[in-house]
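*Asks:* compute the structure for the input listed below.
(chains A and B)
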Amino acid sequence: MDVIGASSRPLPASGGRWVARVALALLAFALTACATLAGREAAHTAAPLHSGETVAAWPGGIMLPAGQRAAVLTSGDSGWILTLELGTSNLILTTVSLSDGGISTAILEEGAAGSVGGGLASDGAGHLWITYAQEVMRVDEQGGAIRRWSLPQPPPDATSSDENLGAGNAEAAVWDEGVGALLLVRNGDHRLYRFDDATGTVSVVVSLPITTSYVSRIAISADESIVVTGSETGARGFSPSAVRVSTPSSTNDVLHNILAACTTQLGLAELTSTGDLTVSGLPPIAISQGTALPSNVPFACDPAGDAFTATVANGRVTVDRLSAAGVLSVTTLPLTQTGGIHGFGGTSPYHWLDPRIVALLPDGAGGAWLVSEVGTQTIEELTSAYPSMLHVGFPH
Amino acid sequence: MGAQFNSDTTWLQTGWFTGTIAENWTNCTFLSCVRRNASYGRYVENMTSSGYSVLDYGTVALGSSTTSRVVYNSSSGCWEVWLTYSGGWVQEDCSEPTTGEMVVTTEVASNSGGFVTLSPASFGTSDPNTNQALRLHGANGWEPWDTTLTARYTERFDERYSTPKYVVSNIKAYYYTEAYSG
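*Replies:* Residues are numbered from 1 along each chain as shown, chains lettered A, B, ... in the order given. I've put the predicted structure just below:
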């Protein structure tokens, strides 16, 4: 990665959504043009100890097969990526060395049924657990041996329907060390499940007052409370919420407007839909410049207590890292510009190529890998404007 | 077919194509362009505030038909493209509003300015209450995309009188149409 300049981060914006978006686009061009010259002071709900911005470039990176990244996982020095390959629908598992970028890839299933998302978890005993479609798979991380279990039919209120075609598919998963079992959620469902590999059975841990989906995440904190994200049940549209399940009582508290959660050594890191990032109850820090975040915003934590987010707007990728010490660091990458793109309403104001970044894999050393759906494919012989994975560092 | 958002500045569309769909004719790269010569392919084109992408999802046979969906999922907050009726979800867009204007359309373009012909395309079928008809799904279930449509909104954009003009034949108003070169 080539670092070509540095500046402080731009000011967050606020106000009406559409008006703000146009204003932000104009602001971004101005900031991009003078990125190496201007110094700005960040404005936050609570000021971080320090903020700095690094402007990076795209060359380098790793190419993977293009397709849906159904799930990603960081486990030790390895990153795991589950891909439904574009064109072939092969279900592919890729292992990435987070230190040197070395990769190995295996096809788990050829022509897998189209699905919506999935889950990856590690039990810390050499097994990788995969939830996908209507299956749980256990992969031996060393030998690659695979064992499969079929999930029971989803409950009637979580079966595929015109309202949700992908309902019932297995989604996010996490290994619960406390009980030595896999926890998972399903698409369009309202339950947290536990899978017992000894008996091959699935039981309901707790019913949830939220609807889970392929954008849901599960995080377990040091006190063994479990946080599950989803959409508030009964809302007309997507209404981000999280549920904190206290074990073993299985009582739960609803946390409104929480879009994503992950676990750090300090406790849970939580991200709201409007971009406020909180780590373990510390004052929130605004990271999205006032822009509403997409429901599938990339969000990840590392063991050192860093929380990472990636947002794409205004012609650039912005990767934020909030450290355990409360230090906010920012790295940005410019997007590939396009000519004017004509739509029904005239030329779109968004004239750059979408890198389709869907996940982050922290490297355990303070940096992170961006994961994109872009990659190699055999349908057409086209070169790619972006790599599938790119390492992003931050100033110390 | 697809959904339009934010005053037509963003969209999610799917369909079949031949030739080239491109934001840049001179530098056809992955995401910016799909192209086929003497074959047809399925594509998904997505314009969001993050930028533009167009992807080729594989070959379709000449004369074949498909039943696709573009649908909002309130559980995830994402719009989804399903290439086939009950399976084959391929792409999502999680950054759009909860509502959009639905559209079916056929387009032709000439990079050189030379003569091009709009291939005949049929949308929907004669029975409005079948999976193959153009119809909209809302809180009260399926609704035929016809002249009595009152509770939903569809895109209004018509270039039939452009140059070169083309013909829209409403075999059944709104839910079964054909388009071809005039």
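*Asks:* and stretch B:83-102, end to end?
*Replies:* 16 Å (CA to CA, to the nearest Å).
*Asks:* what is the mean pLDDT for it?
*Replies:* The pLDDT scores in stretch B:83-102 average 85.
*Asks:* tell me what residue A:80 is bridged to.
*Replies:* Bridge pairing for residue A:80 (DSSP bridges) gives the partners residue A:73, residue A:95.
*Asks:* sketch out the low-pLDDT regions of chain B for me.
*Replies:* Low-confidence regions of chain B, defined by pLDDT under 70, span residues B:24-26, B:87-88, B:148-166, B:170-175, B:180-182.
*Asks:* export only the CA atoms of the longest strand seen in it, formatted as PDB.
*Replies:* Using DSSP state E to define each element, chain B has its longest strand at strand B:33-48. The C-alpha trace of strand B:33-48 is given here as PDB (Å, rounded to 0.1, in the frame of the first residue of the first chain):
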ATOM      1  CA  CYS B  33     -19.000  -2.800 -18.000                       C
ATOM      2  CA  VAL B  34     -20.400  -6.100 -19.300                       C
ATOM      3  CA  ARG B  35     -20.200  -7.200 -22.900                       C
ATOM      4  CA  ARG B  36     -21.300 -10.100 -25.100                       C
ATOM      5  CA  ASN B  37     -21.000 -10.900 -28.700                       C
ATOM      6  CA  ALA B  38     -23.600 -13.300 -30.300                       C
ATOM      7  CA  SER B  39     -24.900 -14.400 -26.900                       C
ATOM      8  CA  TYR B  40     -27.300 -13.100 -24.300                       C
ATOM      9  CA  GLY B  41     -26.500 -12.700 -20.600                       C
ATOM     10  CA  ARG B  42     -28.300 -11.800 -17.400                       C
ATOM     11  CA  TYR B  43     -27.100  -8.700 -15.700                       C
ATOM     12  CA  VAL B  44     -27.600  -6.600 -12.500                       C
ATOM     13  CA  GLU B  45     -26.900  -2.900 -12.600                       C
ATOM     14  CA  ASN B  46     -26.700  -1.000  -9.400                       C
ATOM     15  CA  MET B  47     -26.200   2.700  -8.900                       C
ATOM     16  CA  THR B  48     -25.900   3.800  -5.300                       C
END
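*Asks:* does that strand come close to chain A?
*Replies:* Yes. Using CB under 8 Å from any CB of the partner chain, strand B:33-48 comes into contact with chain A via B:33, B:34, B:35, B:36, B:41, B:46, B:47, B:48. Backbone N, C-alpha and C define where each C-beta goes, glycine included.
*Asks:* among those residues, which two are most distant?
*Replies:* B:36 and B:48 (24.5 Å; CB to CB).
*Asks:* if you count surrounding residues, which of those two has more?
*Replies:* Using other CB atoms under 10 Å in any protein chain shown, the more surrounded residue of residue B:36 and residue B:48 is residue B:48, with 25 against 18.
*Asks:* could you say what helices and strands the helix or strand following the longest strand of chain B packs with?
*Replies:* Following strand B:33-48 in sequence order, the next helix or strand is strand B:51-60 (DSSP states H and E). Where contact means 3 or more CB pairs under 8 Å, 6 or more residues apart in numbering or on different chains; DSSP states H and E, strand B:51-60 is packed against strand B:10-22, strand B:33-48.
*Asks:* just these: most buried one?
*Replies:* Neighbour counts (mean count of other CB atoms under 10 Å in any protein chain shown) averaged over each of the helices and strands packed on strand B:51-60 peak at strand B:10-22, with a mean of 21.
*Asks:* and that one, which strands flank it?
*Replies:* Note on strand B:10-22: by DSSP bridges, its sheet partners are strand B:2-5 (antiparallel), strand B:33-48 (antiparallel).
*Asks:* and residue A:65, which of these is closest to it?
*Replies:* Using CB to CB, the nearest of these to residue A:65 is strand B:33-48, at 17.3 Å.
*Asks:* which one of the helices and strands packed on strand B:51-60 lies closest to residue A:103?
*Replies:* Nearest to residue A:103 among the helices and strands packed on strand B:51-60 is strand B:33-48 (26.4 Å), distances taken as CB to CB.
*Asks:* residue A:234 belongs to a helix?
*Replies:* No. Residue A:234 is assigned coil when assessed by DSSP: H, G, I helix; E, B strand; the rest coil, not a helix.
*Asks:* now do the same for it: its pLDDT.
*Replies:* 84.
*Asks:* export the strands paired with strand B:10-22 to a markdown table and tack on distance to residue A:242?
*Replies:* Formatted as a markdown table, the strands paired with strand B:10-22 follow (distance: least, CB to CB, whole Å):
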| stretch | distance to residue A:242 |
| --- | --- |
| strand B:2-5 | 27 |
| strand B:33-48 | 25 |
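*Asks:* quick check, residue A:101 in contact with residue A:391.
*Replies:* Yes. Using CB atoms under 8 Å, residue A:101 is in contact with residue A:391, at 7.0 Å.
*Asks:* quick one: the longest strand of chain B to strand B:51-60, angle?
*Replies:* Here the directions of strand B:33-48 and strand B:51-60 differ by 130 degrees (axes from the mean of the first three to the mean of the last three CA atoms, to 10 degrees).
*Asks:* tell me which stretches of chain B form strands.
*Replies:* B:2-5, B:10-22, B:33-48, B:51-60, B:69-73, B:78-82, B:89-93, B:101-103, B:121-124, B:135-138, B:141-144, B:166-172, B:176-181.
*Asks:* who's in contact with residue A:64?
*Replies:* Residues near residue A:64 by CB atoms under 8 Å, 6 or more residues apart in numbering or on different chains: A:81, A:83, A:94, A:103, A:105, A:375, A:376, A:388, A:389.
*Asks:* tell me the pLDDT at the residue lying closest to it once chain neighbours are set aside?
*Replies:* Excluding the flanking residues, the one nearest residue A:64 by CB to CB, 6 or more residues apart in numbering or on different chains is residue A:388, at 3.9 Å. Residue A:388 is assigned a pLDDT of 96 by the prediction.
*Asks:* return the residues in contact with residue A:388.
*Replies:* Contact partners of residue A:388, counting by CB under 8 Å, 6+ apart, are A:61, A:62, A:63, A:64, A:66, A:371, A:372, A:373, A:374, A:375, A:376.
*Asks:* now for those: which two are most distant?
*Replies:* Maximum pairwise distance among the contacts of residue A:388 (CB to CB): 14.7 Å, between A:371 and A:376.
*Asks:* who has more neighbours, these two?
*Replies:* A count of neighbours by other CB under 10 Å puts residue A:371 above the other of residue A:371 and residue A:376, at 27 against 16.
*Asks:* and the helix or strand where the more buried one lies, what does it pack onto?
*Replies:* Counting by DSSP H and E, the element that carries residue A:371 is strand A:368-372. Packing partners of strand A:368-372 (3+ CB pairs under 8 Å, 6+ apart): strand A:67-75, strand A:316-322, strand A:357-362, strand A:389-392.
*Asks:* got a list of contacts for the longest one?
*Replies:* By CB under 8 Å, 6+ apart, the residues outside strand A:67-75 that reach it are A:79-87, A:91-92, A:98, A:115, A:117-122, A:128, A:130-132, A:172-173, A:300, A:302, A:358-362, A:364, A:371-373, A:375, A:377, B:90-91.
*Asks:* thank you, goodbye.
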